[in-house]
Every structure is written in C-alpha cells, then in structure tokens.
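**Q** Starting from these lines, generate the structure:
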Amino acid sequence: MPVDADTIAFANRLTDASGAVIRPYFRRRIAVTDKGTSNGSAFDPVTAADREAEQAIRAIIEGDRPDDGILDEEFGEKPSRNGCLWVLDPVDGTRAFITGRHEWGSLIALEENGTPVLGIIDQPVLRERFVGANGEAHMRTEGENLRLRVRPCSNLSEAIVCATHPNAYFTPGERAAFSRVESRARMTRFGGDCYLFVALALGFVDLIVESSFKRWDVAALIPIVEGAGGIITNWEGGSCAMGGPVLAAGDPRIHREAMRLLST
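**A** Purely as a prediction, here's the structure:
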C-alpha cells in the first residue's frame, strides 16, 4: 500500500524530535544502565538518550495519531487500533553511542498490518537521513536528496561482507555458518549496526549477515534496502520482519550463494 506524503512528513517530524533529544547526549559522560544484568544476558547498555527519545516520539504519535500502535525497545507495545504500528529504536548501536563513535542511528518504521512500508535511519549528529518508502530510498542531507542504489556483485569472491559482531551475537552454529561465507569473501568488516545497511544501500558493501535481531532492529531497514534495489530476508530467504537472523545483499546472486553456505 502506498505511503502518502503526509505520513512521510509525519515520520520525518518524529525523527526530528528524536534527534533533538539525542544530540545533546552524544559524547557526554552520561550514565549507562546494563539491561543484561537483569536477564542474565551479555552487556546490553541503555542510556537516558534512548529512553527520552522514545518518550518524545510516543508523545507525538499518541497526540496526533492516537489509533496507531507503538512498539519500542524500552517501553514495549501499545496495540494498534487501525493496523498501523510505529516500530522505534532511537539509538540503534548504543555501544557505539557510549564510546563516542558515529556508527549508530535512529530507526523509525511504520508497519501496516505487519508489513514495514516506511523506514528511516537517521544520524542526527552527522545530519544524514535515509528514507525508504514506495519502492524508493533516498539519502537526505542539508541541501541534498540522493537516490540510493545498491551495486551489482555476481560472486562472493568479489564481495565485501559485513556483520556487527559475530562473536557476540551468533550462536556457535551460526558462527560456523558465517565462517563459510567469510572464507569466500574478498573482504570482511565488523561493526556498524544499522550503518552497515546504509553502506549497502549506498553501494559500498555487498552482503550483510546478522543474527539475534529484534523487530525494532530490522523494521526500518527493510524499506530502505528494498527501495535501493537490494534484498533482505532471513537466512532461509523468508521474511525477517519479526527479527531473528538477517541476510541482506545488493545482488540476488550473492544472496543465493550466501544462503546456500549458511544452510550447509
């Protein structure tokens, strides 16, 4: 279903509000809470920037579009009454954020009846914004609006392959599967969180292999990758919209090759 101009403008308004909250916290010595301590998992940081940005976005949605649902990382889900659900992660890449690096972004997605139809990745410090909707994806900076296109890559031996952190997020079996892909790639780079998918949409990398994604980690990425001409699925070629393992490629030929290696 097409996303109308008013809805895209509203999503950009949410993104502006989020960025206004987050920017003052970046490269400041702020308190970090480890959510992993409470559930026995690995270090899982959260800051006031995450929480306050989600609260700011929620307030706008609840005021202007009260029938829309909301799902975010810190405050859970408000059910939708009309099939529209905003899926939010204002600081995707909190580890990068708390170490003063720029490889993080604000993720805002709109789902209609479970399908992501609008996605935004925003870097409010660099003032780079990536928007996917209606089968297109664009990079918007101050004074520029660039159409995004992935690049062709016919063989994994020619590909740049990326993952955020295979030792932290992959199970032992997934790590072994990833190693089969990695061993055939021209080059592998780690780190980047959502910015890896920006690099894919810009045509700078060819394949991304991830795991353990949550719904708010991936919903915004799907319209951007697909709008740039790429493919994004789970490791078996099905939908990744609910999270889990994610495989994204700029060229369907290496996507098929990677799926075969991951399933061997």
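
**Q** okay, CA-based contacts and neighbour counts for the rest of this
**A** Fine.

**Q** what about the helices in the protein?
**A** 5-22, 36-39, 48-64, 94-98, 166-169, 172-182, 194-202, 215-218, 221-227, 252-263 (DSSP state H).

**Q** Would you mind giving those helices as a markdown table with mean neighbour count, distance to Thr115 and mean pLDDT added?
**A** Shown next, in a markdown table, are those (neighbours: other C-alpha atoms under 10 Å; distance: least, C-alpha to C-alpha, whole Å; pLDDT from 0 to 100):
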| stretch | mean neighbour count | distance to Thr115 | mean pLDDT |
| --- | --- | --- | --- |
| helix 5-22 | 17 | 15 | 98 |
| helix 36-39 | 10 | 29 | 55 |
| helix 48-64 | 18 | 19 | 97 |
| helix 94-98 | 20 | 26 | 94 |
| helix 166-169 | 15 | 25 | 77 |
| helix 172-182 | 17 | 26 | 95 |
| helix 194-202 | 24 | 19 | 98 |
| helix 215-218 | 24 | 11 | 97 |
| helix 221-227 | 28 | 9 | 99 |
| helix 252-263 | 18 | 21 | 98 |
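
**Q** now those helices as CSV including distance to Ile120?
**A** Output for those, formatted as CSV (distance: least, C-alpha to C-alpha, whole Å):
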stretch, distance to Ile120
helix 5-22, 8
helix 36-39, 27
helix 48-64, 14
helix 94-98, 17
helix 166-169, 24
helix 172-182, 28
helix 194-202, 10
helix 215-218, 11
helix 221-227, 7
helix 252-263, 23
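
**Q** of all these, which lies closest to Ala137?
**A** helix 221-227 (4.6 Å; C-alpha to C-alpha).

**Q** What is the distance between the closest one and the centre of its chain?
**A** 9 Å (C-alpha atoms, centre = their mean, to the nearest Å).

**Q** looking at the helices of the chain, which is closest to Arg29?
**A** Here helix 94-98 is closest among the helices of the chain (C-alpha to C-alpha), at 8.2 Å.

**Q** just to revisit the earlier point, and the helices of the chain: which comes nearest Ser154?
**A** So among the helices of the chain, helix 252-263 is nearest, using C-alpha to C-alpha, at 5.7 Å.

**Q** Check which helices and strands that closest one is in contact with.
**A** helix 172-182, strand 244-249 (3 or more C-alpha pairs under 8 Å, 6 or more residues apart in numbering; DSSP states H and E).

**Q** now the last one, how far from the chain's geometric center?
**A** In this case it means strand 244-249. 11 Å.

**Q** Paired strands for that strand, with orientation please.
**A** Strand pairing for strand 244-249, using DSSP bridges, gives strand 207-213 (antiparallel), strand 231-233 (antiparallel).

**Q** Run the angle between it and helix 252-263 for me.
**A** Calculated by axes from the mean of the first three to the mean of the last three C-alpha atoms, to 10 degrees, strand 244-249 forms an angle of 150 degrees with helix 252-263.

**Q** Quick one: mean pLDDT over strand 244-249.
**A** Strand 244-249 carries an average pLDDT of 98.

**Q** which residues sit against it?
**A** 197, 200, 206-214, 225, 230-235, 240, 255 (C-alpha atoms under 8 Å, 6 or more residues apart in numbering).

**Q** and the angle from it to helix 172-182?
**A** 0 degrees.

**Q** tell me which residues in stretch 96-106 are buried?
**A** Ala96, Phe97, Ile98, His102, Glu103, Trp104, Gly105, Ser106 (16 or more other C-alpha atoms under 10 Å).

**Q** Tell me which of the helices of the chain approaches Pro116 most closely.
**A** helix 221-227 (6.6 Å).

**Q** packing partners for that closest one?
**A** So helix 221-227, by 3+ C-alpha pairs under 8 Å, 6+ apart, packs with strand 115-123, strand 128-133, strand 136-141, helix 194-202, strand 231-233.

**Q** my read: Val117 touches Pro223, true?
**A** Yes: assessed by C-alpha atoms under 8 Å, Val117 is found in contact with Pro223 at 6.1 Å.

**Q** Would you mind grabbing the residues shared as contacts by the two?
**A** Joint contacts of Val117 and Pro223 (C-alpha under 8 Å, 6+ apart) are Ala133.

**Q** contacting residues for Ala20?
**A** Contacts of Ala20 (C-alpha under 8 Å, 6+ apart): Pro124.
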